[in-house]
Structure formats: structure tokens, C-alpha cells
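*Asks:* Fold the following.
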Amino acid sequence: MSRLDHVQEVIERDYGLIKGSFSRNRKLFGPRWEREFGEMLEKVMGDDQDLHRCLKGYTDFAVGSMRLHAQFIQDGGRYIDKGYEQAGDEVYHNRDHMMNEYLPGILLSYFLWVHHYRQLLFFVDQFVDVIARADDATFHDVGVGTGFNTVQILKRVPAAHAMGWDLSEHSLAHTERMARQYGLADRCTLRRENILTTPDIPQRPFVISVEVLEHLEDPLGFLRGLYNMLQPGGMAYVAAAVNAPHVDHIYHYRSEQEVVDQIRQAGFHVESYLGANAYAPTRRIPIVPSLAAVIASKRPAASGP
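*Replies:* Numbering: from 1, shown residues only. Coordinates of the predicted model:
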């Protein structure tokens with residue numbers, strides 16, 4: 001029995017709330033989803049103790065998200081008023097929450113949430129492919145989270161080297177572990193620093209930042225920081241959650257276009273973008289979680305008259 005089939009058996013027996021998402025996405029996305037998800041399960045959740053921890057964490061994460069979205073609809077489409085410092089204390093610097101719910105939840109959501117898997121396909125096919133064809137495949141990953149996106153680049157592009165940034169020691173530890181499990185740790189440097197206050201950050205030809213903007217009080221200032229980390233002529237991949245309340249989501253994007261417009265305001269030239277809903281709106285839930293994933297460039301300065 002493959003690891004994926006074993007996981008499906010465990011889910012059907014012990015985690016009924018996940019069963020529908022698993023079977024739906026396996027049927028919807030087919031062999032590619034099976035191959036990618038199976039590889040991650042083999043590398044990251046190789047034993048059943050770790051598997052059960054992650055499945056329980058994902059279940060708690062998903063149920064919490066659904067409850068918050070129900071409250072969001074009831075409150076007329078408004079996020080809970082909260083600052084970054086409070087979110088940090090509750091989430092990013094809370095080891096138990098990060099390692100046993102938050103990070104496992106986000107990691108499995110890449111395969112169990114339709115819009116997250118569509119984002120993964122867009123990221124790999126439209127952005128990682130560009131890195132693979134570049135002469136210089138070094139990149140910054142700002143807000144590494146689980147480390148999943150850094151690993152997607154490193155495993156596909158043998159010449160790639162990552163510099164990953166995060167303010168959570170638990171995110172950095174999870175990223176380091178993932179890189180090691182995939183045999184990629186020698187090409188991944190991690191830094192626990194704030195990019196907006198760290199001097200002399202070397203510019204790279206590629207920058208990624210996946211679903212960080214909604215966690216910030218000033219996402220435009222952060223985007224300008226990303227712009228400064230990118231070489232002229234370089235490419236960036238930036239994604240943000242839209243109408244997706246969560247315990248640590250502070251900045252409320254109400255449409256994918258708001259994300260695109262803000263990225264342009266920071267100085268980037270938008271090359272292409274993906275908007276994806278988590279599910280179809282209904283009369284009962286007229287506003288649904290979605291995301292905007294944007295590929296943008298930093299145009300070289302004009303030379304001469």
C-alpha cells in the first residue's frame with residue numbers, strides 16, 4: 001500500500017471531517033496531486049505518530065477557520081480588530097500552537113484546499129519554471145512559514161539557493177526540518193530578522209512571499225521592502241488571502257484586485273495573477289475565502305535620455 005493510500009485509510013477511519021476534501025481533490029486533480037502529496041507525506045510525515053499529529057492539527061485549523069468565517073459573515077464581513085503584537089503572542093511565538101496546529105494546518109491545506117492547490121500549480125508552472133531557466137537561481141523567501149514554498153523551488157531547481165526570512169523561531173525550525181527531510185538544507189540559509197530594519201540585504205533576482213500581507217498592519221510598507229530586495233529586472237511572487245478571517249489575519253483585503261493594486265503601488269510591474277475561490281458563494285455564505293497570487297517584476301531603470 002502506498003503512503004497516500006495508507007493516509008486515506010487513516011483519514012476515513014479517524015478523521016471524518018477531512019475525508020470529503022481528500023477524496024474530492026484526489027479525483028479533481030488526479031495523478032499530479034497524488035504524486036506531489038504522496039512525496040510530501042513520505043518525506044515529512046513518515047511515521048504514523050507524526051501523521052496523526054498533523055492530521056489532528058489540520059482538523060483543528062480547518063474547523064477554526066470555518067468558525068471564524070461564520071462569525072465574519074455574521075458581523076457583516078469584518079475582521080476581528082487585532083494588532084500584530086497580539087497576533088504574535090497568540091500564534092507566531094506560541095510553540096504548541098505553531099507546531100501542533102498552525103503549521104501542520106497550513107502545510108496540509110496546500111493539498112486539501114482547492115484554492116491553495118490551484119495556487120501551488122500556478123506557482124510551480126508559472127514562476128518556478130522561470131527560476132529553472134535563469135542563470136542566477138538565488139532567491140529570498142520572506143515569511144517562510146512552513147518552508148513548503150522554498151522546498152518547491154529547491155527540489156525542482158538544483159542550482160537554486162534560498163535565503164529564508166521569518167520572525168517566528170518556530171517557522172524557521174519547521175522550514176529547516178523540511179529542507180533537511182528533502183535533503184536540501186545545504187542550499188537554504190535562514191534568518192530570524194525583520195527585512196524592514198535589517199541593513200544591507202543583498203538583492204536577489206527572485207523574491208517570494210506567500211500569504212504574509214494579510215498578517216501585517218502595513219502591507220504596503222512590507223511590499224516596498226520586498227521591492228528593495230529584488231534586483232532590477234528580477235521577478236517576484238506574492239500571494240495574499242482575501243476575505244479569509246483567521247486568528248492572525250489583521251489586514252482585510254476585500255478583493256483580489258485590491259492585492260494587485262497594492263503591489264503596483266509598491267512599484268512592481270504586474271505580469272500575471274491568479275484569483276481563486278475556496279468554494280462557490282451561496283445565499284447563506286455570499287462572501288467566500290479566496291486568494292490572489294501575483295507574479296510581478298522590477299523593471300530596470302531607464303538608461304540615458
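
*Asks:* ok, how many other residues are close to the residue nearest to Ala240 when sequence neighbours are not counted?
*Replies:* Among residues not flanking Ala240 along the chain, Leu213 sits closest, at 4.2 Å (CB to CB, 6 or more residues apart in numbering). C-beta coordinates here come from the backbone N, C-alpha and C atoms, glycine included. Leu213: 26 surrounding residues under other CB atoms under 10 Å.

*Asks:* Which residues are in contact with Leu213?
*Replies:* Pro219, Phe222, Leu223, Val238, Ala240, Tyr251, Tyr253, Val259, Gln262 (CB atoms under 8 Å, 6 or more residues apart in numbering).

*Asks:* Next: Val242.
*Replies:* Glu214, Tyr253, Arg254, Ser255, Glu256, Glu258, Val259, Gly275, Pro289, Ser290, Leu291, Ala292.

*Asks:* closest to Val151 among those?
*Replies:* For the contacts of Val242, the residue nearest Val151 by CB to CB is Leu291; the value is 19.7 Å.

*Asks:* hang on, the closest one is in a strand, isn't it?
*Replies:* Yes. Judged by DSSP: H, G, I helix; E, B strand; the rest coil, Leu291 forms part of a strand.

*Asks:* gap between it and Tyr279?
*Replies:* Separation of Leu291 from Tyr279 (CB to CB, to the nearest Å): 13 Å.

*Asks:* higher neighbour count, the two?
*Replies:* Leu291 (27 against 12).

*Asks:* Now do the residue nearest to Gly221 when sequence neighbours are not counted, the pLDDT please.
*Replies:* Spatial nearest neighbour of Gly221, chain neighbours left out: Leu196 (6.7 Å); criterion: CB to CB, 6+ apart. We have a pLDDT of 96 for Leu196.

*Asks:* For Leu196, give its distance to Glu169.
*Replies:* In terms of CB to CB, Leu196 sits 19 Å off from Glu169.

*Asks:* can you map out the helices along the stretch 101-250 of the chain?
*Replies:* 103-112, 114-122, 129-132, 148-156, 169-181, 219-229 (DSSP state H, counting those that start in this stretch).
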